[in-house]
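**Student:** this is the structure alone, sequence omitted:
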Ligand SMILES: Nc1ncnc2c1ncn2[C@@H]1O[C@H](COP(=O)(O)OP(=O)(O)O)[C@@H](O)[C@H]1O
Ligand SMILES: Nc1ncnc2c1ncn2[C@@H]1O[C@H](COP(=O)(O)OP(=O)(O)O)[C@@H](O)[C@H]1O
Ligand SMILES: [Mg+2]
Ligand SMILES: [Mg+2]
Ligand SMILES: [Mg+2]
Ligand SMILES: [Mg+2]
């Protein structure tokens, strides 16, 4: 296991300690067992709170995106595991500034159940909660079952836009509506080249041959749509764009953003090689690319691979995309 | 080879095309063979130019750091290979705003010879050049031969501080002096867990067993000081801090910055686990940590491993460290 | 009647059983899922066992709530959360009572099943632990030997659904492959029943 | 006298030789360095051969400059840059002449050696290509058969320094290991001399 760690059982707690020690201007640990991270300086009173949460191992997702113009708090589970109900309730309480809290997170069974239970708990504290689930991975279910899709890197756009909406002073309904529209505007697809290793498991999550790749694989190693010999970068990018555009066609004049995301080990050099094709395809469709994102925005530790997220904009979403935000991993000015 | 690419011979050119396509607000290709990147909007007339250059495969180093408050231009070689004299001359010409150009780059044989020859070439264009070499890797030579040390992640601090000095209007001598002081203030050490693959070579640069690590290894796989079984994170961090502090002692009241850098595949989660010990050690020395950097600032593509860079500050250097800068990989506001 | 003392003893047996079964449960969950079911059950069962002294003799509801909270605190996987949900439902129904009458068992299991269905948004027949509970609730209704009836129902349900495709959670993605395989959560329920009934 | 026509023929022989030798040079450079010496020489020699028609018959200096530029444009490794530096030095010395007299060879090689020393900041005895050139410059001084003398000098220098530790470039880090091994740049120079002299 090519990982730098001490006790696998302490991987997440030590990571959080280090995160908050390195960036005390952004992050603060809260909750009984210190498994929720809140903004160092809470949002202003009356601002809608936005909370997310999920398993560890995806930095900057989820915890990293706590900050002005983004999330208010986040509950952090073990690697690839849901946080507990109590941890989510801690995060919701930290996020609340009296105007209610939007729960904005990925569509995974354990997360959904626990966030629902956490909502029941904080009801007793008179905190009103709404929910928007990210379900952007087109490889995880056909369009007819779109609500069963899992949430992947599309949450970066949803965090950004909902975060900006909350900062702009929209009320809980308004922020929830923006978040839902952002979630609906995103489609993602990924391709993995190698596995990562969950510390507590101690061995790679899945096996894949040295010359193979898997199209459509999920960020926890969930199976994709095909596994085959590694293809050239351009062919990979073309197929991923095919899949996105088939699911959400883009027309001439559309304004879109696109996230070309490394799952971890894949270096930015290779993201840029892919970006040539992404741009070619969107140019060919007559779309205008706004604020493309290229880098490591949603990862699976040291997994090699990429994901593309296409986000269709309108004036409102574009404004929120470009609004300022700040955290240790992403600054928009 | 778990790499996403087309023709290995085109890896760098396609990467540069994608980089400039994705971030046209920052980067612009210049030169006959498009192997120099300049700021999209040149620095203002009369500003000292800062140029760097070196082999590809280290993003954000070198090219990524072209931008306001950082570099003016950069020459880009093949992966792990020096750019040519002509490419460096192209970069120097693009960086020049009439006030001379500082060549600021790592201490590698081919780079030094070519930058010297490029200086001879641009002399004919009446461009005055100075040179500051980064030689921060304490594992690459003993203190007595410090000038033979190779340059690694310390260049991030040097780019930042020299870039801010140039932006502040210092003249060529002044910028060169700041750059030299920044270079002198930095010490680095790295540890590698796995190799990366140079596209043109097609196989890993070095072999290392699944349960081994190498302390002090260079960013191109240059051998380090020991190779042994992978140790716990805390032990690795302690030893790396020992090596840095032995080379550049830190006293109570000192102000320092520290860069905890992933060589590529190592995820931020693990950098934060290491950061706990980094902070503990600097706290114990009575030093004040200023603007710690944790992330992927100087990489070797998909190599797993980390480096620490300790940078001792004074008022001038601290001011330049905190000054604003902007590029696709690093924004300071 | 099942007393809180019986519940404590059952909790200790469950812990011991899960120490033994954890690897096998991880293994079967790993075939189509993420392989953490054994971890979930071992952690959860340990936590319940650690808290048996917090279970008040005179309130079966509060005793069951202690067990539920032990699960929510230690495990947030689907299964752990559903078990906690079911225990909470039963806790609500038995609040203030000093035990569970045998002929009340069917009703309590049905209550757990319903709350878990609401929580997890799965349906009966989806090949999940719900189908085990449903079979048990029906079998317990008027059973002479509740323990035997529940265990047989859990086992039979597991077999009955073996050849249907998974429709829920991670295993859904491998629906085809899942045909002919036991659902890990149903298998775990069989083992839980075996342990708590001491069979 | 060596004419530009001779230089062209030598360039073509060098290209052919480097096509054959590239792998071996990569191999030896890879033992202590980064394994690119064969790539450097193959690329550089190909580029020179491609530009033989740009070499003017009446100006050996400009012809050598064409060769130098072919190297700077294609390779920026230490060795390629040093070769270009040496060629430029020789070009400067022969500017405007239509050839190189045999008894001028020693002086030209010495000029290349000196400029390369200045550029690379290495010293004689550091076990680099400089030692090959130094030996050749001395052997060429008054030699009856310059080609044979140069080749023998290059070979002898290679052997003479074999047992000293490397002190320059990447190989320096493995100084101990380098004892008993040929310096890749010296070996390459032996092969270059062999090819250009047609021996
Ligand atoms: N939504 C659901 N409703 C009912 N049962 C479920 C649901 N999701 C999962 N299960 C049950 O839980 C078992 C898997 O549990 P677990 O390993 O904890 O899931 P995960 O690791 O995916 O969170 C399944 O075999 C199934 O019996
Ligand atoms: N500074 C120097 N001065 C003289 N010769 C050198 C110098 N550096 C390297 N060499 C020669 O070049 C050879 C290595 O060349 P090359 O593989 O191109 O180096 P690198 O790949 O490290 O840039 C060495 O064997 C040595 O003969
Ligand atoms: Mg599971
Ligand atoms: Mg799980
Ligand atoms: Mg070499
Ligand atoms: Mg080289």
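**Tutor:** Now that the structure is in, tell me what you want to look at. Keep in mind that this is a model prediction, so the values were computed, not measured. Ligands and ions are numbered 1, 2, ... in the order given.
**Student:** in the chain, what residue sits furthest out from the centroid?
**Tutor:** Using chain A. residue A:124 (29.1 Å; C-alpha atoms, centre = their mean).
**Student:** let's do chain C instead
**Tutor:** What lies farthest from the middle of chain C is residue C:176; by C-alpha atoms, centre = their mean that is 25.7 Å.
**Student:** mind telling me what element it is part of?
**Tutor:** Assessed by DSSP states H and E, residue C:176 sits inside helix C:175-178.
**Student:** what residues does the lowest-mean-pLDDT helix or strand in chain C touch?
**Tutor:** Lowest on mean pLDDT, DSSP states H and E among the helices and strands of chain C sits helix C:175-178, with a mean of 86. Applying C-beta atoms under 8 Å, 6 or more residues apart in numbering or on different chains, the contact partners of helix C:175-178 are C:32, C:127, C:165, C:166, C:167, C:171. All C-beta spots, glycine's among them, are computed from the backbone N, C-alpha and C.
**Student:** let's see that with 10 Å instead.
**Tutor:** Contacts to helix C:175-178, defined as C-beta atoms under 10 Å, 6 or more residues apart in numbering or on different chains, come from residues A:223, C:31-33, C:127, C:162-168, C:171-172.
**Student:** burial check on the residue lying closest to residue A:141 once chain neighbours are set aside, number of neighbours?
**Tutor:** Excluding the flanking residues, the one nearest residue A:141 by C-beta to C-beta, 6 or more residues apart in numbering or on different chains is residue A:148, at 4.3 Å. A count of neighbours around residue A:148, defined by other C-beta atoms under 10 Å in any protein chain shown, yields 15.
**Student:** ok, residue C:119 next?
**Tutor:** Neighbours around residue C:119, by other C-beta under 10 Å: 22.
**Student:** try residue A:242
**Tutor:** Applying other C-beta under 10 Å, I find that residue A:242 has 12 neighbouring residues.
**Student:** quick check, pLDDT for it.
**Tutor:** On pLDDT, residue A:242 comes in at 98.
**Student:** OK, contacts around the residue nearest to residue A:141?
**Tutor:** Contacts of residue A:148 by C-beta under 10 Å, 6+ apart are A:107, A:135, A:140, A:141, A:142, C:167, C:168, C:172, C:173.
**Student:** and the residue lying closest to residue A:330 once chain neighbours are set aside, what's its pLDDT?
**Tutor:** Distance criterion C-beta to C-beta, 6+ apart; nearest residue to residue A:330, sequence neighbours excluded, is residue A:60 at 6.7 Å. pLDDT for residue A:60: 98.
**Student:** okay, now residue A:60: neighbour count?
**Tutor:** For residue A:60, using other C-beta under 10 Å, the count is 22.
**Student:** picking up where we left off before, next one: the residue nearest to residue A:141 from residue D:75, what distance?
**Tutor:** Residue A:148 sits 56 Å away from residue D:75, going by C-beta to C-beta, to the nearest Å.
**Student:** span of stretch A:139-148 from start to end?
**Tutor:** 11 Å (C-alpha to C-alpha, to the nearest Å).
**Student:** who's in contact with the closest residue to ligand 1 within the stretch 101-250 of chain A?
**Tutor:** Proximity of the stretch 101-250 of chain A to ligand 1 (C-beta to the nearest ligand atom) peaks at residue A:110, 4.0 Å away. Contacts for residue A:110 (C-beta under 10 Å, 6+ apart) come out as A:54-55, A:77, A:81-84, C:34, C:36, C:40, C:75-82, C:120, C:169.
**Student:** keep only those of these that are in strands.
**Tutor:** Counted as lying in strands by DSSP state E, out of the contacts of residue A:110, are A:54, A:55, A:77.
**Student:** picking that back up, got CSV for the contacts of residue A:148, with secondary structure, pLDDT and neighbour count too?
**Tutor:** Formatted as CSV, the contacts of residue A:148 follow (DSSP: H, G, I helix; E, B strand; the rest coil; pLDDT from 0 to 100; neighbours: other C-beta atoms under 10 Å in any protein chain shown):
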residue, secondary structure, pLDDT, neighbour count
A:107, coil, 96, 21
A:135, coil, 98, 25
A:140, helix, 93, 27
A:141, coil, 93, 17
A:142, coil, 94, 11
C:167, coil, 88, 16
C:168, coil, 85, 21
C:172, helix, 75, 20
C:173, helix, 74, 21
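**Student:** which of the residues you listed sits closest to ligand 3?
**Tutor:** residue C:168 (11.6 Å; C-beta to the ion).
**Student:** quick one: that closest one and residue C:122 touch, right?
**Tutor:** Yes: shown here, residue C:168 and residue C:122 form a contact pair, counting by C-beta atoms under 10 Å, at 4.7 Å.
**Student:** next, the closest residue to residue A:47 other than its chain neighbours: phi, psi?
**Tutor:** The spatial neighbour of residue A:47 that comes closest, neighbours along the chain excluded (C-beta to C-beta, 6+ apart), is residue A:97 at 4.9 Å. Dihedral pair for residue A:97: phi -120, psi 30, per degrees, to the nearest 10.
**Student:** buried set for the lengthiest helix in chain C?
**Tutor:** Under DSSP state H, the helix in chain C containing the largest number of residues is helix C:4-32. By 16 or more other C-beta atoms under 10 Å in any protein chain shown, the buried positions in helix C:4-32 come out as C:4, C:7-8, C:10-11, C:13-15, C:17-18, C:21-22, C:25-26, C:28-30, C:32.
**Student:** show me which of these neighbour ligand 3.
**Tutor:** Among the buried residues of helix C:4-32, the ones lying close to ligand 3 by the criterion of C-beta under 5 Å from the ion are residue C:29.
**Student:** tell me which parts of chain C are close to chain D?
**Tutor:** Nowhere does chain C come near chain D, counting by C-beta under 10 Å from any C-beta of the partner chain.
**Student:** just the helices in chain C please.
**Tutor:** C:4-32, C:37-50, C:60-74, C:78-94, C:105-120, C:129-140, C:146-161, C:175-178, C:184-197.
**Student:** which single residue of the stretch 201-333 of chain A ends up nearest chain B?
**Tutor:** Distance from chain B to each residue of the stretch 201-333 of chain A (C-beta to the nearest C-beta) is smallest for residue A:272, at 3.1 Å.
**Student:** that residue - that's part of a strand, no?
**Tutor:** No: the assignment for residue A:272 (DSSP: H, G, I helix; E, B strand; the rest coil) gives helix, which keeps it out of a strand.
**Student:** next, count neighbours for it.
**Tutor:** 24.
**Student:** cool, residue C:101 as well?
**Tutor:** Using other C-beta under 10 Å: residue C:101 sits among 11 other residues.
**Student:** name the nearest residue to it, ignoring sequence neighbours.
**Tutor:** Once flanking residues are discounted, residue C:101 sits nearest to residue C:1: 5.4 Å by C-beta to C-beta, 6+ apart.
**Student:** do residue A:282 as well
**Tutor:** residue A:289 (5.5 Å).
**Student:** which residues does the one you found contact?
**Tutor:** Counting by C-beta under 10 Å, 6+ apart, residue A:289 makes contact with A:255, A:256, A:257, A:258, A:275, A:278, A:279, A:282, A:283, A:313, B:21, B:22.
**Student:** ok, now how distant is it from residue A:255?
**Tutor:** Taking C-beta to C-beta, one finds residue A:289 at 8 Å from residue A:255.
**Student:** got phi/psi on the residue lying closest to the residue of the stretch 201-333 of chain A closest to chain B once chain neighbours are set aside?
**Tutor:** In this structure, residue A:272 finds its nearest non-sequential neighbour in residue B:18, 3.1 Å apart by C-beta to C-beta, 6+ apart. With angles defined as degrees, to the nearest 10, residue B:18 sits at phi -70, psi -40.
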